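Undergrad: Quick one, structure for this:
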Amino acid sequence: MHVAHLSLQDFRSYATAEVSIEPGVTAFVGPNGQGKTNLVEAIGYVATHGSHRASTDAPLVRQGAPRAIVRAGVVKDDRKALIELEINPGKANRARLNRSPIPRPREILGVLRTVLFAPEDLALVKGDPGERRRFMDELLTLRAPRFAGVRSDYDRVLKQRNALLKSAAAHRRSPGPEVLATLDVWDSHLARTGSELLAARLDLVAALRPLVARAYEALAPASGDVDLRYKSSLGEEELSTDRGQLAERMLAVVADYRKQELERGVSLVGPHRDELVLRLGELPARGYASHGESWSFALGLRLAAFDLLRADGDDPVLILDDVFAELDVGRRSRLAEMVAPAEQVLITAAVPADVPAELTGGSYTVSDGQVIRE
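TA: Numbers count the residues shown, from 1 in each chain. You can find the predicted model right below:
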């Protein structure tokens, strides 16, 4: 799989941009602030419908423009597809596939698959649990696009349940039978949607564990062992991945927490409260790993995601946004050797010297919003 063409209209700093890209390695080189990352961010957005730099769509639209449009021509097994996304902050986004409108943008997830690593990914190691939950859920969706719907259903149930709990807490008295009956219904919905998401995450972590360990060892062979552990709000005991058993367990734990939830007005049990614990040796990586170790761990997570997606049938597009400048010579060379065989690697760098010699291919100079092929 590779991106053959990228077209932007009012995306970030670009009024318009047209970029043709070949398989193999392509580097976008230029000083900071010239628009390199905007190009790869657009490609990542097509794949995930989210930005690695912004939590909402508003910053993606050029100042003064009502909307942004991103088009990506994708080639997979000699078949071509044109993906078009219209980004409308505050409104529903629109999508087209091969010029045909798609009812819901999430229905085109999976047509393009990317793995993007950027400096912001240090938050995977150093940041809050939400960063690691997002990593898992985005990877689940890349592997099986239907999980976009599973996550949407869970978020909807959680929102409704929290609204009921908040209303009950605001009245500062014991809830009546009607409230409790309604809460029972939302408990069932929470267990049904939550158990499906939880089972998938547990399977995902089991699949990632050896891949992350291998990638980290290759990047930083003298830095010790790493491990992943899924910490669930359902308790410390080992969990089955059977959805029915997980749903029953979730209902039981929710019942145990009902009094606290009614007092606090918020759901305290479910995948939204879970954590992916990263360990370096015997210690949690968060708070103990050095900057270099954190960088290697974050890279290891992304490379493991790449290997997992590749094992599903085809190479995703690998994007390395301003990565090599942060690495010492040894890590830079080892990473270059690891990613060189990928079908398509897109790199951003401030200067040509930041692109390792092992990664030869096409190059663009990006300056003042102009993307010029070398």
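
Undergrad: okay, CA-based contacts and neighbour counts for the rest of this
TA: OK.

Undergrad: Just give me the neighbour total for P145.
TA: For P145, the neighbour count with other Cα atoms under 10 Å is 19.

Undergrad: scratch that, R99
TA: Count around R99 with other Cα under 10 Å applied: 11.

Undergrad: can you check V185 too?
TA: Using other Cα under 10 Å, V185 has 12 other residues around it.

Undergrad: From here on, call the first residue 55.
TA: Understood, numbering begins at 55; the last thing we discussed is V239.

Undergrad: Distance-wise, check it relative to R215.
TA: Distance of V239 to R215, computed by Cα to Cα, to the nearest Å: 9 Å.

Undergrad: now V409
TA: Taken as Cα to Cα, the span from V409 to R215 is 50 Å.

Undergrad: again with A359
TA: Going from A359 to R215 by Cα to Cα gives 33 Å.

Undergrad: So between those two, which is more surrounded?
TA: More neighbours surround A359 than the other of A359 and R215, with 27 against 23 (other Cα under 10 Å).

Undergrad: doesn't L193 make contact with the more buried one?
TA: Yes: the criterion here is Cα atoms under 8 Å, and A359 meets it with L193 at 7.0 Å.

Undergrad: For this structure, give the helix that spans the most residues.
TA: In terms of residue count, the longest helix belonging to the chain (DSSP state H) is helix 231-273.

Undergrad: what comes into contact with whatever helix or strand comes next after that one?
TA: Downstream of helix 231-273, the next assigned helix or strand under DSSP states H and E is strand 280-285. Contacts to strand 280-285, defined as Cα atoms under 8 Å, 6 or more residues apart in numbering, come from residues 256, 259, 263, 266-267, 270, 328-335, 351.

Undergrad: Neighbouring strands of strand 280-285 in the sheet, and parallel or not?
TA: Strand pairing for strand 280-285, determined by DSSP bridges: strand 329-334 (antiparallel).

Undergrad: Name the residues that touch the partner strand?
TA: Counting by Cα under 8 Å, 6+ apart, 179, 183-184, 186-187, 278-286, 338-340, 343 sit against strand 329-334.

Undergrad: one more time with 7 Å, if that's ok
TA: When contacts are defined by Cα atoms under 7 Å, 6 or more residues apart in numbering, strand 329-334 is touched by residues 183, 186-187, 278-286, 338-339.

Undergrad: Same question for stretch 216-225.
TA: For stretch 216-225, contacts defined as Cα under 7 Å, 6+ apart pick out 229, 315-321.

Undergrad: where do the helices sit along the stretch 255-404 of the chain?
TA: Under the criterion DSSP state H, counting those that start in this stretch, the stretch 255-404 of the chain contains helices at 297-318, 345-365, 383-393.

Undergrad: can you pick the most crowded of the contacts of stretch 216-225?
TA: Of all those, the highest neighbour tally under other Cα under 10 Å goes to S321, namely 24 neighbours.

Undergrad: on that earlier part again, distance to R210 added to the helices of the stretch 255-404 of the chain, as CSV?
TA: Below are these laid out as CSV (distance: least, Cα to Cα, whole Å):
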stretch, distance to R210
helix 297-318, 17
helix 345-365, 27
helix 383-393, 38
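
Undergrad: among those helices, which is the most enclosed?
TA: Highest mean neighbour count of those: helix 345-365, a mean of 22 (counted as mean count of other Cα atoms under 10 Å).

Undergrad: Let me know the average pLDDT across the helix or strand harbouring R210.
TA: In this assignment (DSSP H and E), R210 forms part of helix 201-224. Averaging pLDDT along helix 201-224 gives 93.

Undergrad: go on, stretch 354-364?
TA: Average pLDDT, stretch 354-364: 95.

Undergrad: And the contacts of it?
TA: Residues from elsewhere that reach stretch 354-364 (Cα under 7 Å, 6+ apart): 169, 171, 197, 262, 265-266, 269-270, 369-370.

Undergrad: how about those, which pair is most distant?
TA: Comparing every pair within the contacts of stretch 354-364 by Cα to Cα identifies R197 and Y270 as the most remote, at 22.1 Å.

Undergrad: So which of the two has more stuff around it?
TA: Neighbours were counted for R197 and for Y270 using other Cα under 10 Å; Y270 has more, 27 against 19.

Undergrad: looking at it, that one is touching S348, isn't it?
TA: No: counting by Cα atoms under 7 Å, Y270 does not reach S348; the two are 10.4 Å apart.

Undergrad: mind listing what A149 touches?
TA: Applying Cα under 7 Å, 6+ apart, the residues contacting A149 are 138-140, 155-156, 159.

Undergrad: what about the host helix or strand of it, average pLDDT?
TA: Taking DSSP H and E as the definition, A149 sits inside strand 148-151. Averaged across strand 148-151, pLDDT comes to 96.

Undergrad: Can you give the distance from that strand to the centre of its chain?
TA: Mean C-alpha position of strand 148-151 versus that of the full chain (Cα atoms, centre = their mean, to the nearest Å) differs by 21 Å.

Undergrad: in its sheet, what does the helix or strand that that strand is followed by sit against?
TA: Remark: after strand 148-151, the chain's next helix or strand is strand 154-156, criterion DSSP H and E. Its sheet considered, strand 154-156 pairs with strand 148-151 (antiparallel) by DSSP bridges.

Undergrad: Can I get the contacts of stretch 354-364 in TSV including distance to R210?
TA: Listed next are the contacts of stretch 354-364 as TSV, based on distance: Cα to Cα, whole Å:
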residue	distance to R210
V169	27
F171	30
R197	22
L262	28
L265	33
V266	32
A269	36
Y270	37
D369	33
P370	30
